[in-house]
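1. return a 3D structure for these sequence lines:
(2 chains)
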Amino acid sequence: MTETPASTARRTSRGNRCGLVLIGAALAAAGALALAAGSGLLGRRLADAEVYSWPSGAAGTLLSYGVVAVAVPAALLALRWMIVQGRSGTVNRLVVEADSGRGATEMTEGAAREAFEEAVGGYDGVRRARARVTDSALTPHLRLDLTLDDDADVADLWRRVRSEALADLRTALDREALPTVIRVSTTAPPKNPRRAPE
Amino acid sequence: MTTVEDALSRPDPAAARRASRVAVHTFRPRRSWPALIVGALVLGVAALAAVEVASALAGAPMRTSVTSAAGEHAATARWSDPVVQTASAVAAATGLVLIAVALVPGRSRFTALRTADPELVVGLSRSGLKRTLAAAAQEVGGVRAARVTVGRRRVRVRVRTDLREAPELRGEVSAAVGRRLAELEPVSAFKVTASVRHTKA
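-> Residues are numbered from 1 along each chain as shown, chains lettered A, B, ... in the order given. All right, here's what the predicted structure looks like:
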């Protein structure tokens, strides 16, 4: 099966959705139970019972250990969840040729990326091209942010990127597939364009 | 007659469908801000609970002003108290909001374009789409200015013209914007509506 682009970003997105649903469901269930308890649906005695009653003796100690056993992993998971949000997923090195058991040829991503950016930046209508290699050195993905002139032909330009610069990059990296995300934005022409040298 | 070349060059419908699905999912909002806020709150509550209980277990309870005040209040509160009931309702409502934030797809800043290739995802920014469609509308003869609003499934074009009699202008603008959309091939189809305003001389 072929790989899809930006899989790290999509994994983070899926993780965020799962985390929010999990915590949301826990909060909604706890809130609904507390409402039911307070309104007497679970018995009059419970409605009049104290909210906070920490057991004494061995039961209290056991509950304390239980709280610590749940709170510490929960805090660590929450910390990891927060750190993951800032992850850009960019990689600095690329494995060009992996030879099982006998080592691999590596290259810096900058060399390939800069040549690619330069090629795309030279197309008519492209104001700015910025690329990032993401995911992993073994199975790299590409993210390209393109800023085009207002009157540029968007469809023609992304097709040109695919058939020329992207094909060249794949050849340079010796890869049949390079999952890619192209994000296109446009900008108005500069109000005070510099005069071309005569 | 269908030749072998025709059949080979035609995109595989299953791959094209998969490509469209991947493209739409790629540009969906990541919910980073809700995740960050909820993560920070969970971290704060869990860390406070762990420190408080662990210090009490070690024989040196570390009481913070927050937990002391909450403990004193909770010690006298009962489940049927209006304050506890309100807090429970707020917690349940917050939980439902979080579930909604997670499940409602949200609106992306990028419009996914059709590539028929699951390995290539292309998106055009909403402002870029507006500008491109406005440029298409302005290419129609007689149009002085064009403003485009892009909704989820609808594109609204408002043009201004100096022409006093231009009954066909609305149709021409709609057709021009529709053609530009067809060239771009967005994954989700848009319905184009145009309106014309005459500029007073």
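
2. need the strands for the chain, in chain order.
-> If you meant another chain, say so; for now it's chain A. A:93-99, A:103-108, A:126-135, A:140-149, A:180-187 (DSSP state E).

3. that answer is for a different chain, and I need it for chain B
-> Using DSSP E, the strands of chain B run over B:110-113, B:120-125, B:143-150, B:154-161, B:191-198.

4. elements contacting the last one?
-> Using 3 or more CB pairs under 8 Å, 6 or more residues apart in numbering or on different chains; DSSP states H and E as the contact definition, the elements that strand B:191-198 packs against are strand B:154-161, helix B:169-184. (Each C-beta comes from the backbone N, C-alpha and C, glycine too.)

5. next, the angle from that strand to strand B:143-150.
-> On the basis of axes from the mean of the first three to the mean of the last three CA atoms, to 10 degrees, strand B:191-198 is oriented at 140 degrees to strand B:143-150.

6. ok and strand B:191-198 relative to strand B:154-161, angle-wise?
-> Orientation of strand B:191-198 against strand B:154-161 (the same axes, to 10 degrees) gives an angle of 20 degrees.

7. quick one, domains of chain A?
-> By the assignment in automatic domain parsing, chain A contains the domains A:1-50, A:57-87, A:93-186.

8. dump those domains to CSV, plus mean neighbour count, distance to chain B and mean pLDDT.
-> Shown next, in CSV, are the domains of chain A (neighbours: other CB atoms under 10 Å in any protein chain shown; distance: least, CB to the nearest CB, whole Å; pLDDT from 0 to 100):
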stretch, mean neighbour count, distance to chain B, mean pLDDT
domain A:1-50, 17, 3, 86
domain A:57-87, 14, 4, 91
domain A:93-186, 17, 4, 87
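
9. quickly check: the biggest helix by length in chain B near chain A or not.
-> In chain B, with assignment by DSSP state H, the single longest helix is helix B:32-57. Yes. Helix B:32-57 reaches chain A (CB under 8 Å from any CB of the partner chain) through B:32, B:34-36, B:38-40, B:42-43, B:46-47, B:49-50, B:53-54, B:56-57.

10. ok, stretch B:88-95 next?
-> Yes. Stretch B:88-95 reaches chain A (CB under 8 Å from any CB) through B:88-95.

11. give me the buried entries from the residues you listed.
-> If you count burial by 16 or more other CB atoms under 10 Å in any protein chain shown, the buried members of these come out as B:88, B:91-92, B:94-95.

12. which of the domains of chain A sits closest to residue B:14?
-> When the domains of chain A are compared by CB to CB, domain A:1-50 sits nearest residue B:14, at 11.8 Å.

13. distance from the closest one to the middle of the chain?
-> 23 Å (CA atoms, centre = their mean, to the nearest Å).

14. and stretch A:110-124, by the same measure?
-> Here stretch A:110-124 is found 24 Å from its chain centre; the criterion is CA atoms, centre = their mean.

15. what lies in contact with it?
-> With CB atoms under 8 Å, 6 or more residues apart in numbering or on different chains as the test, stretch A:110-124 has contacts from A:92, A:94, A:126, A:128-133, A:142, A:144, A:146, A:152, A:157, A:160-161, A:164-166, A:168-169, A:172-173.

16. filter the buried ones among the residues of stretch B:88-95 next to chain A down to the ones in helices?
-> Using DSSP H, the members of these that fall within helices are B:88, B:91-92, B:94-95.

17. tell me which of the residues you listed is nearest to residue A:179?
-> Ranked by distance to residue A:179 (CB to CB), those are led by residue B:95 at 36.2 Å.

18. so how far is residue A:33 from that closest one?
-> Distance of residue B:95 to residue A:33, computed by CB to CB, to the nearest Å: 11 Å.

19. sorry, back to before: PyMOL command for the buried members of the residues of helix B:32-57 next to chain A?
-> A single PyMOL command selects the buried members of the residues of helix B:32-57 next to chain A (16+ other CB under 10 Å):
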select buried, chain B and resi 34+35+36+38+39+42+43+46+47+49+50+53+54+56
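
20. which residues are in contact with residue 94?
-> Chain wasn't specified; assuming chain A. Residues near residue A:94 by CB under 8 Å, 6+ apart: A:106-109, A:112, A:133, A:137, A:140, A:173.

21. switch to chain B, that's the one I care about
-> Counted by CB under 8 Å, 6+ apart, residue B:94 has contacts A:24, A:27, A:31.
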